[in-house]
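>>> This is a predicted model, with the sequence first.
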Amino acid sequence: MGWRYIAQRATTGEMLHLDVPIVRDELSWALSGPGGLRGTISPDVGALRAADGRLVLDEWGTLLYAEADGEIRWGGTVVRSRFEGSAWSVEAVGMAGYPHGLPYLGEYISEGVDPLDVVRELWAHVQGQPDGDLGIVVDSMTTPVRVGTVDEPYTLVWWESTDCGTEIDTLARETPFDYTEHHQWDGDSITHRLVIGYPRLGRRRDDLSFEQGVNITNVVAPTRDGDQYANELIGLGAGEGRAVVQRRIPEPDGRLRRAAVYSDKSITSTDRMDALCRAELAVRKQITEIAEVTVINHPHAPIGSWAVGDDVLIKARIPWLGDVSLWHRIVGWSLVSDHRARLSLRRSDAFTYRGTS
């Protein structure tokens with residue numbers, strides 16, 4: 001796969017360089033967040049200044065794209081660099097990171113609003129400011145979830161200086177929904193889309209295989225963390241005081257009793273609350289997780305054949321634990337060379353999807 005890196009002026013759309021001579025250190029993609037690009041240019045050949053005399057790679061002034069085989073695989077904004085002798089090290093962050101650090105300066109007050117409408121409002125606000133339009137189009141999909149009530153409307157107001165990026169991530173976590181970026185050529189231009197998945201992106205990949213000694217070269221030692229462990233769930237739903245929908249689901253398992261509270265004021269059914277509590281309990285009782293694996297290009301799972309959000313089966317032999325076979329979700333991945341990648345993982349059963357049950 002042949003890669004090239006394209007530089008574009010962020011505010012005007014002018015193409016500055018169609019083949020930036022950057023040596024890639026790492027290229028990464030993330031679920032519901034921005035990926036990143038790190039690379040180095042060396043030596044100074046005097047060719048990385050634009051016609052106006054400014055550096056081609058300018059912090060918050062340059063959009064940088066990674067293209068392979070004619071397709072835009074990644075897009076972001078140059079955010080920092082450093083000079084070490086003749087080497088120029090550059091870092092860029094995915095476009096999904098742009099709203100972070102930008103305050104909301106309008107007034108938006110609503111009741112019973114779809115969280116995705118709020119996301120579209122936040123992106124429209126950010127891109128509606130002078131020199132702020134990246135051209136990102138947010139998917140038009142909807143969810144059945146609503147935020148804000150007559151008594152307590154959903155509110156974004158300028159005097160609270162709400163961080164737009166943080167608010168988007170909070171809505172993604174609490175709704176929940178996933179998002180990722182997509183960039184593609186449209187003639188001589190590049191278009192940008194924020195892809196939304198409700199209740200999730202990705203799918204179970206029975207067609208891929210990840211096994212230590214076959215295509216997994218390194219396994220980050222699994223953690224066994226009891227901080228979030230529970231073998232009893234107390235569910236609190238709609239209502240006030242003694243009228244609250246309340247359920248108690250204990251599942252003794254030979255360990256000391258540890259109880260956790262699951263609260264959701266939208267739940268009016270005891271059956272629904274029982275189902276959610278059992279799902280949450282299944283997550284909290286599982287304390288072994290493999291956070292990261294390094295894989296090589298292999299017919300069982302060619303590099304890039306997966307996507308962020310996919311569920312994959314990880315098979316490894318772990319000291320003290322023996323043979324482990326666990327489904328994990330890919331929450332991010334990095335291309336560390338043309339033939340090697342690093343997958344960031346979370347246990348699949350650590351996720352509950354509100355829209356599927």
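Good, I have the coordinates.

>>> can you point me to the longest helix in the chain?
When the chain is scanned for its longest helix (criterion: DSSP state H), the result is helix 270-285.

>>> So for that one, mean pLDDT?
When pLDDT is averaged along helix 270-285, the result is 85.

>>> Would you mark the buried spots in that helix?
Residues of helix 270-285 classed as buried: 272, 273, 274, 275, 276, 277, 279, 280, 281, 283, 284, 285 (neighbour count, 16 or more other CB atoms under 10 Å). In short, each C-beta sits where N, CA and C put it, glycine included.

>>> Provide a list of residues in contact with the last one.
Applying CB atoms under 8 Å, 6 or more residues apart in numbering, we find residue 285 in contact with 229, 230, 231, 251, 253.

>>> Any of those buried? List them.
Neighbour-count burial (16+ other CB under 10 Å) applied to those gives 229, 230, 231.

>>> now, which of the buried residues of helix 270-285 sits nearest residue 4?
Of all the buried residues of helix 270-285, the one with the least separation from residue 4 (CB to CB) is residue 283, at 42.5 Å.

>>> pull the CA atoms of the longest strand belonging to the chain into PDB?
Across the chain, the strand with the greatest residue count (assigned by DSSP state E) is strand 322-337. Listed in PDB are the C-alpha atoms of strand 322-337, where the atom choice follows Å, rounded to 0.1, in the frame of the first residue of the first chain:
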ATOM      1  CA  GLY A 322      -3.300 -19.800  31.000                       C
ATOM      2  CA  ASP A 323      -5.200 -19.800  27.700                       C
ATOM      3  CA  VAL A 324      -7.500 -16.800  27.400                       C
ATOM      4  CA  SER A 325     -10.100 -16.300  24.700                       C
ATOM      5  CA  LEU A 326     -12.100 -13.100  25.100                       C
ATOM      6  CA  TRP A 327     -14.200 -10.900  22.900                       C
ATOM      7  CA  HIS A 328     -12.900  -7.300  22.900                       C
ATOM      8  CA  ARG A 329     -14.000  -4.200  21.100                       C
ATOM      9  CA  ILE A 330     -11.500  -2.200  19.100                       C
ATOM     10  CA  VAL A 331     -11.700   1.400  20.500                       C
ATOM     11  CA  GLY A 332      -8.700   2.600  18.600                       C
ATOM     12  CA  TRP A 333      -5.800   1.400  16.500                       C
ATOM     13  CA  SER A 334      -2.500   2.700  15.300                       C
ATOM     14  CA  LEU A 335      -0.500   1.900  12.100                       C
ATOM     15  CA  VAL A 336       3.100   1.600  13.400                       C
ATOM     16  CA  SER A 337       4.500   0.400  10.100                       C
END
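
>>> quick one: the closest residue to residue 108 other than its chain neighbours from residue 186, how far?
Nearest-residue entry for residue 108: residue 156, 4.2 Å, with adjacent residues in sequence omitted and distances by CB to CB, 6 or more residues apart in numbering. Using CB to CB, to the nearest Å, we find residue 156 at a distance of 32 Å from residue 186.

>>> So which of the contacts of residue 285 belong to helices?
In helices, judged by DSSP H, none of the contacts of residue 285 are found.
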